[in-house]
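Asker: Give me a model of this one.
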Amino acid sequence: MATVDAVLAAVHGLAQRRWEHLPRALDFQEGNRLLREHTERLLGPRPRDRAVRIMVTVPSEAASDYGLVRELVARGMDCMRINCSYDDREAWVAMAEHLKRAKRELGKNCQLSMDLAGPKLRVGAMEAGPEVIKLRPERDDSGMVLKPARICLVSEAHASAGASAAGFVAIPMAGDLGALRVGDEIDFIDARGASRQMVVSGRTGERVEAEGLRTSYLASGIELRRKGTDSVLHVGRLPALDQYILLKEGDTLILSDKPDLGRGPEIDEDGQVVRPATINCTIPEILGDLKAGEQVWFDDGKIGGIIKRVGASEAKIEITQARPEGSKLRANKGINLPESDLKIASLTPKDLEDLEVVAAQADIVGMSFVRSPGDVEALDAHLTQLGRPDIGILLKIETRQAFDNLPFLVLAAMRREAAGVMIARGDLAVECGFQRMAEIQEEILWVCEAAHMPVVWATQVLENLAKKGMPSRAEITDAAMGERAECVMLNKGPYLCEAVAALDDILRRMQGHQTKKSAMLRKLQRW
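Answerer: Residues are numbered from 1 along each chain as shown. All right, here's what the predicted structure looks like:
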């Protein structure tokens, strides 16, 4: 309001007309003070030498590895985030206890945020693939073997021990492995009918180590014969290969509400499609909310389609976006329906059960799949019933409906003592279009600043650094842009601690250049 008032005053001055300031409009200083106050209520006291907080989504190891949690707090984590889509209650409580201990030992503040899973719409299970393992030696460019395929034969009862052997492919076996000796040759006919051989190279406890010089495919039940003897072993039950459906532009995909396993298309002898590829989804009741002409996206926007027809138990989808060579759709991949008015509740029965732990442990509860003020009011009622009217809420803006209703969601959340908004840029980009994402995140920042409500900048921040140990140039710039929010979220990865330290450094440097939408125009320097 102060900005609008200032602009109107300037325009009236240019027109040589009198302008009376809006009554009771907050000035810039008061607006900034309110935003800082609301941020502290939700995210805790401002860290030393840095205005923007750092939120970190911790991995499952945080439940058993206290050292990891302690190092994250020491490196600059201001809010630890637990995603209740993963792990269980026992693990969440262990993570919370580790955080309490780290705060005591380090004398630092760190809030705990727990995200409810919400009704995540995903592709259902696929038909099981063949039970086959490929064994392949490493070759140079001319085809010469550099390293043989390394195999670890273990009895089915000790299969887990073989799986832990570094560099080996573990094969569960039915039969007695005790007679095998170093140097023994083992002959077998692989799954393709090819004659192959492996040679025993060593033994380690219950494991028999072997090497193969030619590519082979081992399947469940295949016979392995010790050369020169009558000794026969059989390959035990191998895990089925993950199946996928290969989809190209113009293909038809059936989304069914039946619990049948997903499967590829049925093709007749002439190569004609008799039955299109079919999948189900984790929330089959959404089928009744779909309409012809609406968009559907799979796997974070990698595959797109248009709903052509909706029947009593299935929807027919025409694939309109995929790679030229086809895109693979696997089980458990996300489904986005940005144009559909889904009637499913934002709080699932699991969420309501998880809220009991959240209310007992957390400072903040993250609400997934929020779309309307009624969703916020429902969460508020449950938290009050659990005796936690004081707990902060964080609204995850991840759907087009949530973005369209943002002002109303913000007004509903402002009734609580502490509230904020998370820009869930991954799902939101799929829902609203990648081209619009930059514009949309700006609008969310504007609306929330006008409401003096803190914002969490989330999704894929320093992702390459956290996962691979080396950041890209683009993601460094993206992390720096997070200075305009009140908090920046990092996701889990092997190099998470390094990512926290890097983000801490980036935010400290940037705060001299930028505060919210305002450039500070500080003195330039070389280093």
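
Asker: I'd guessed residue 91 sits against residue 63; true?
Answerer: Yes - at 3.9 Å, residue 91 and residue 63 qualify as touching, with contact defined as C-beta atoms under 8 Å. Every residue, glycine included, has its C-beta placed from N, CA and C.

Asker: Which one's more surrounded, those two?
Answerer: Between residue 91 and residue 63, residue 63 has the larger neighbour count (other C-beta atoms under 10 Å), namely 22 against 16.

Asker: check contacts around the more buried one.
Answerer: Counting by C-beta atoms under 8 Å, 6 or more residues apart in numbering, residue 63 touches 87, 90, 91, 92, 94, 95, 98.

Asker: please redo it, this time with the cut-off set to 7 Å
Answerer: 87, 91, 94, 95 (C-beta atoms under 7 Å, 6 or more residues apart in numbering).

Asker: Could you provide these in TSV, with additional columns for pLDDT, distance to residue 514 and secondary structure?
Answerer: Below are the contacts of residue 63 laid out as TSV (pLDDT from 0 to 100; distance: C-beta to C-beta, whole Å; DSSP: H, G, I helix; E, B strand; the rest coil):
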residue	pLDDT	distance to residue 514	secondary structure
87	95	36	coil
91	97	38	helix
94	97	38	helix
95	98	33	helix
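
Asker: Among those, which one has the most neighbours?
Answerer: residue 95 (27 neighbours).

Asker: any idea where the strands of the stretch 401-527 of the chain begin and end?
Answerer: Secondary structure of the stretch 401-527 of the chain by DSSP state E, counting those that start in this stretch: the strands cover 419-424, 455-458, 487-490, 514-515, 518-519.

Asker: How far away from the center of its chain is the last one?
Answerer: Distance of strand 518-519 from the chain centroid (C-alpha atoms, centre = their mean, to the nearest Å) equals 32 Å.

Asker: Over to the third one?
Answerer: Between the mean C-alpha location of strand 487-490 and the chain-wide mean there is a distance of 14 Å, by C-alpha atoms, centre = their mean.

Asker: Now it: average pLDDT?
Answerer: Average pLDDT, strand 487-490: 98.

Asker: Send me that strand as PDB with only the CA atoms.
Answerer: C-alpha atoms of strand 487-490 as PDB (Å, rounded to 0.1, in the frame of the first residue of the first chain):
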ATOM      1  CA  CYS A 487      13.900 -18.600   3.600                       C
ATOM      2  CA  VAL A 488      15.600 -20.800   1.000                       C
ATOM      3  CA  MET A 489      15.100 -24.600   1.100                       C
ATOM      4  CA  LEU A 490      17.700 -27.200   0.200                       C
END
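
Asker: next structured bit after the helix or strand of the chain with the lowest mean pLDDT?
Answerer: None of the helices or strands of the chain scores lower by mean pLDDT, DSSP states H and E than helix 159-163, at a mean of 51. Counting by DSSP states H and E, the next helix or strand C-terminal to helix 159-163 is strand 169-174.

Asker: Just checking: what are the partner strands of that next one?
Answerer: For strand 169-174, the pairing partners within the sheet under DSSP bridges are strand 149-155 (parallel), strand 232-235 (antiparallel).

Asker: List of residues touching the helix or strand just after the shortest one?
Answerer: So that's strand 232-235. Where DSSP H and E defines the elements, the next helix or strand beyond strand 232-235 is strand 244-247. Outside strand 244-247, the residues that touch it by C-beta under 7 Å, 6+ apart are 253, 262, 264, 277, 303, 319, 322, 326, 327, 328, 329, 330.

Asker: Out of these, grab the one that's most surrounded.
Answerer: With neighbours taken as other C-beta under 10 Å, the top of the contacts of strand 244-247 is residue 303, carrying 27 neighbours.

Asker: how about the nearest residue in space to that one that is not next to it in sequence, what does it touch?
Answerer: Nearest non-adjacent residue to residue 303, counting by C-beta to C-beta, 6 or more residues apart in numbering: residue 327, 4.9 Å away. Residue 327 makes contact with 247, 302, 303, according to C-beta under 7 Å, 6+ apart.

Asker: Please report phi then psi for the nearest residue to residue 256 once chain neighbours are set aside.
Answerer: The shortest distance from residue 256 to any residue other than its chain neighbours is 4.5 Å, reached at residue 314 (C-beta to C-beta, 6+ apart). For residue 314, the backbone dihedrals (degrees, to the nearest 10) come out as phi -160, psi 160.

Asker: Which one of the strands of the stretch 401-527 of the chain lies nearest to residue 208?
Answerer: The minimum distance between residue 208 and the strands of the stretch 401-527 of the chain falls on strand 487-490, with 43.6 Å, by C-beta to C-beta.

Asker: ok, that closest one: who's next to it in the sheet?
Answerer: Strand 487-490 has these strand partners (DSSP bridges): strand 53-57 (parallel), strand 455-458 (parallel).

Asker: Please name the strands paired to the host helix or strand of residue 198 in the sheet, noting orientation.
Answerer: Element membership for residue 198 (DSSP H and E) is strand 195-204. For strand 195-204, the paired strands and their directions (DSSP bridges) are strand 185-189 (antiparallel), strand 207-212 (antiparallel).

Asker: chain center to it, what's the gap?
Answerer: Mean-position distance between strand 195-204 and its chain equals 41 Å (C-alpha atoms, centre = their mean).

Asker: Would you mark the buried spots in that strand?
Answerer: 196, 197, 198, 199, 200 (16 or more other C-beta atoms under 10 Å).

Asker: Just list the residues touching the second one, thanks.
Answerer: Contacts here follow C-beta under 7 Å, 6+ apart; on that basis residue 197 touches 185, 186, 187.

Asker: Give the bridge partners for it, please.
Answerer: Residues in a beta bridge with residue 197, per DSSP bridges, are residue 187.

Asker: and it, how far is that from residue 41?
Answerer: Remark: distance between residue 197 and residue 41 (C-beta to C-beta, to the nearest Å) = 70 Å.

Asker: What of the third one?
Answerer: As for residue 198, its distance to residue 41 is 65 Å (criterion: C-beta to C-beta).

Asker: tally of neighbours for residue 214?
Answerer: Counted with other C-beta under 10 Å, residue 214 comes out at 16.

Asker: I figured it was touching residue 194, is that so?
Answerer: No - using C-beta atoms under 7 Å, residue 214 is not in contact with residue 194; the gap is 8.1 Å.

Asker: rewinding a little: select, out of the strands of the stretch 401-527 of the chain, the one closest to residue 13.
Answerer: strand 518-519 (21.6 Å).

Asker: Okay, now the sheet partners of that closest one, with direction.
Answerer: With DSSP bridges as the test, strand 518-519 pairs up with strand 514-515 (antiparallel).
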